Structure formats: C-alpha cells, structure tokens
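Participant: Predicted model and sequence follow; I will ask about them next.
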Amino acid sequence: MATKPIEKNEIVFIDGTKIDAQPLKISLLRPFMKSFEGLTAVATDNEKSMDILINCVHIAMKQYKADADYSVADLEDLIDLPTVYKIIEAASGINLNDSALLALASQE
C-alpha cells in the first residue's frame, strides 16, 4: 500500500495555463514509452527528436488536461523546451537533463 502521496508538479505554459503534472497512468504510459523509445534512433536529428518529444507531451496531456484536447500544433505554440523536459520528467520519471542519459543515447 502506498504511504506517500503522489507528488504533483505545477507547470505553467507560455499563455499562463497551469497543469498539475504527475506520473502517467499505465494506460497512457505504454504509448508514451513506445513513442519515447524512438528517440535513440533519431538522436542526431534535432527536428525528429523534437517531434518525438512533442508527441510524448501530447500523450501526457490526455491525462493532465483531457478537456482541452490540444493538438500537437497547439502544444508547439504553448510550451518551450524546458517545459517539454519538465512534462517528460513528471510523466515518466525520465530526466532529459541527465548527462548520462544523453551520452548513452549518442552512443547508439
């Protein structure tokens, strides 16, 4: 049984919209991780890497703000790269600022 409440991270978008980000439910974590796995294959292509990260955020938003129904294009206008990183970390526990992770991705 869990003895510690799930931590919520308040994240603020460029337009002032606030979301409470927390670990994803398994039903959303599966497609999130499937998309995220593609990151190593395109690690040297910034545009393709960004597409994958934005897709991961799009999946996470189904939990965080389901009533908003953001498109990928909407998200691109509402968030910056540090916010993408915060959402990825809150959703999955993956820290994209971790230099060890980045070094591992560049080796493949």
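Facilitator: Received it, and whenever you're ready, just let me know what you need.
Participant: Leaving out the residues flanking it, which one is nearest to Phe36?
Facilitator: Cys56 (5.4 Å; CB to CB, 6 or more residues apart in numbering). Bear in mind the C-beta positions are built from the backbone N, C-alpha and C, glycine included.
Participant: Just the buried positions in the host helix or strand of Pro82, please.
Facilitator: Take DSSP states H and E as the rule and Pro82 turns out to sit in helix 81-92. Across helix 81-92, burial judged by 16 or more other CB atoms under 10 Å covers Thr83, Val84, Tyr85, Lys86, Ile87, Ile88, Glu89, Ala90, Ala91, Ser92.
Participant: Kindly provide the distance from Asn97 to His58.
Facilitator: Look at Asn97 and His58: by CB to CB, to the nearest Å, they are 21 Å apart.
Participant: give the contact list for Leu53.
Facilitator: Leu39, Val84, Ile88, Leu96 (CB atoms under 8 Å, 6 or more residues apart in numbering).
Participant: among those residues, which two are most distant?
Facilitator: Leu39 and Val84 (12.1 Å; CB to CB).
Participant: Please enumerate the helices of this structure.
Facilitator: 26-37, 46-64, 72-78, 81-92, 99-107 (DSSP state H).
Participant: can you pull the contacts of the residue positioned nearest the centre of the chain?
Facilitator: Central residue of the chain (CA atoms, centre = their mean): Ile88, 2.6 Å from the mean position. Counting by CB under 8 Å, 6+ apart, Ile88 makes contact with Phe36, Leu53, Cys56, Val57, Ala60, Ile94, Leu96.
Participant: now do Ala91
Facilitator: Ala21, Pro23, Leu24, Leu29, Phe32, Cys56, Ala60, Gln63.
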